[in-house]
Structures are given as C-alpha cells and as structure tokens.
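A.B. asks: Sequence first, then the predicted structure:
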Amino acid sequence: MGHFKFSNKILGIPLMAMILIWVVYWVELVIGVNFNEMGVKPRTLLGLRGVVLSPFIHGSLEHLYNNTIPLGILLSALWYFYRDVAWKVLVYGILLSGLITWLIGRTSYHIGASGFIYVLASFIFFKGIFSSYFRLVALSLIVVFIYGSMLWYIFPVKDGMSWEGHLAGFLTGLFLAKVIKASIPPTKKYEWEKEDFKEEDDLFLKHFDENGNFRELPSEEKLIEDDELSINYIYKENRKSDQQ
C-alpha cells in the first residue's frame with residue numbers, strides 16, 4: 001500500500017466533524033436547550049455518557065470557534081499521514097481520554113472537543129518522533145511550532161478550563177502513539193549504509209586512503225579499471241579500395 005496519498009477522506013472527515021459540532025451548537029440555540037449536563041461529570045454513573053457526547057458540546061461561540069480550526073487541521077494530518085490507523089486513534093482517543101477525565105476531573109461538567117484535540121496533537125507529535133522517519137519528524141516539529149503553547153493548558157493555569165480533559169487527551173495521545181503500530185515507509189539505504197558493504201569493492205573509494213587522502217591506484221588495479229571502462233570499436237574494411 002502506498003503512503004502519504006491524497007484521498008477524499010482527508011478533507012471529508014475533518015469537514016464532517018467540524019460541521020457536526022456546529023450543528024449541535026445550532027440545535028441548542030434553535031430549540032433553546034443546554035446540552036452541558038450531557039458532558040463528562042466525574043465519578044458519576046450518569047456522567048459516563050459524556051465520554052462519548054462531550055466532544056460535540058460547547059459552552060459558547062468562542063469555545064466552539066477555538067476548537068473548530070485545530071480539529072480540522074489535525075484530523076486532516078491524521079488521515080493523510082496515518083490513514084491506516086486513523087479510525088483507531090479517533091475511537092480509542094475519544095473513549096480513553098473521556099474515561100481518564102471521568103476519573104481525575106473536578107466535580108463539574110467537562111465539555112468540548114479540546115480533549116480530543118490534545119489526543120490528536122499528542123499522537124501526531126510522539127508518533128513522528130518514535131518513527132524516526134524524516135517526513136513524520138518534520139510533521140511533529142510543525143505541530144510543536146503551531147500548537148506548542150497548548151502544553152501550558154494541561155496544568156490548572158486558567159479558571160473555567162478543563163485542564164483535566166487536556167491532560168487526559170495529552171496522555172492518551174502519548175499512549176496511543178506508543179501502542180498503535182502505523183505503516184511507515186521504509187527508510188532508503190544507500191550502498192555504503194548496508195551491512196554487507198565493503199569499501200574495497202567500491203571503485204570510487206579505491207582512490208582514497210583511510211584518512212580521505214587521494215592516492216594513486218596500483219598499476220594492476222588501473223589495468224582492471226581500464227578494462228572495465230574500455231570501448232571497443234567495430235569497423236568494416238573497404239573491400240572496393242583493396243581491389244583497386
């Protein structure tokens with residue numbers, strides 16, 4: 001299977017996720033209800049429903065807007081670079097981060113897609129580092145450059161923010177990056193990087209000693225090299241001129 005190929009899912013799934021969270025908020029406004037009580041309420045049986053429902057519920061337009069763009073970008077990156085495990089990360093990420101929030105959270109309703117956004121950012125960052133593949137490492141660095149400031153919000157630095165949900169998402173992403181095996185393109189190895197490579201068999205390296213200094217080849221080796229590079233000319237005699 002090829003790697004890093006564009007497909008409709010790269011745009012379609014993130015777009016559907018963004019539309020869904022906006023539709024839920026629009027329904028709240030239209031029918032005049034508040035879905036906050038359907039979020040995660042730690043250590044209560046009824047609060048377990050929020051494990052699945054809370055990522056789709058937002059408390060304000062600002063809250064919704066702040067989560068929309070990161071959700072779309074990170075989901076697109078997930079489906080482009082890790083499409084073979086993307087559904088696992090999505091499902092396990094929502095469930096596991098929600099359960100951790102349910103276990104460690106304050107007695108309040110925890111809502112919003114930010115916990116899952118931390119799952120995505122953490123998974124993409126750590127998976128790229130663990131893979132050691134240059135394109136995925138570059139992706140990890142991009143995530144750090146754009147979303148590095150998110151790290152502060154896994155700590156209780158701001159009132160009214162579910163830092164427990166952020167911490168749960170961060171830890172979940174790290175865990176999934178470690179345990180989920182993704183398909184990584186094989187790293188190209190040059191001839192000199194292979195285990196069975198011998199320097200004496202390389203015609204170019206024969207011209208240099210162990211210190212990298214140029215040296216003249218022995219006459220026998222020169223002859224061998226000349227033989228390998230010799231050009232043979234084939235011609236026909238002009239029989240007409242011989243007869244004259």
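C.D. replies: Looks like it came in fine. Numbering: from 1, shown residues only.
A.B. asks: how far away is residue 12 from residue 183?
C.D. replies: As for residue 12, its distance to residue 183 is 21 Å (criterion: CB to CB, to the nearest Å). Quick note: C-beta positions are derived from backbone N, CA and C, even for glycine.
A.B. asks: Longest helix of the protein, counting residues only.
C.D. replies: Criterion DSSP state H: the longest helix present in the chain is helix 8-31.
A.B. asks: what helices or strands is that helix leaning on?
C.D. replies: Judged by 3 or more CB pairs under 8 Å, 6 or more residues apart in numbering; DSSP states H and E, helix 8-31 is in contact with helix 61-81.
A.B. asks: Buried residues in the helix or strand following the helix it packs on, which are they?
C.D. replies: Counting by DSSP states H and E, the element after helix 61-81 in chain order, helix or strand, is helix 86-104. Residues of helix 86-104 classed as buried: 86, 89-90, 92-94, 96-98, 100-102 (neighbour count, 16 or more other CB atoms under 10 Å).
A.B. asks: again with stretch 121-141
C.D. replies: 121-128, 130-131, 133, 136, 139-140.
A.B. asks: so which strand or helix has the most centrally placed residue in the chain?
C.D. replies: By CA atoms, centre = their mean, the chain has its centre lying nearest to residue 124, at 4.1 Å. Assessed by DSSP H and E, residue 124 sits inside helix 114-131.
A.B. asks: try residue 136
C.D. replies: With DSSP H and E as the test, residue 136 turns up in helix 134-147.
A.B. asks: the inter-axis angle of that helix versus helix 61-81?
C.D. replies: Angle, helix 134-147 to helix 61-81, by axes from the mean of the first three to the mean of the last three CA atoms, to 10 degrees: 170 degrees.
A.B. asks: What are the structural domain limits within this structure?
C.D. replies: The chain resolves into domains spanning 8-179, 191-243 when parsed by automatic domain parsing.
A.B. asks: Quick one: end-to-end distance for the longest one.
C.D. replies: With CA to CA, to the nearest Å as the measure, the ends of domain 8-179 fall 27 Å from one another.
A.B. asks: State the mean pLDDT of that domain.
C.D. replies: The predicted model gives domain 8-179 an average pLDDT of 95.
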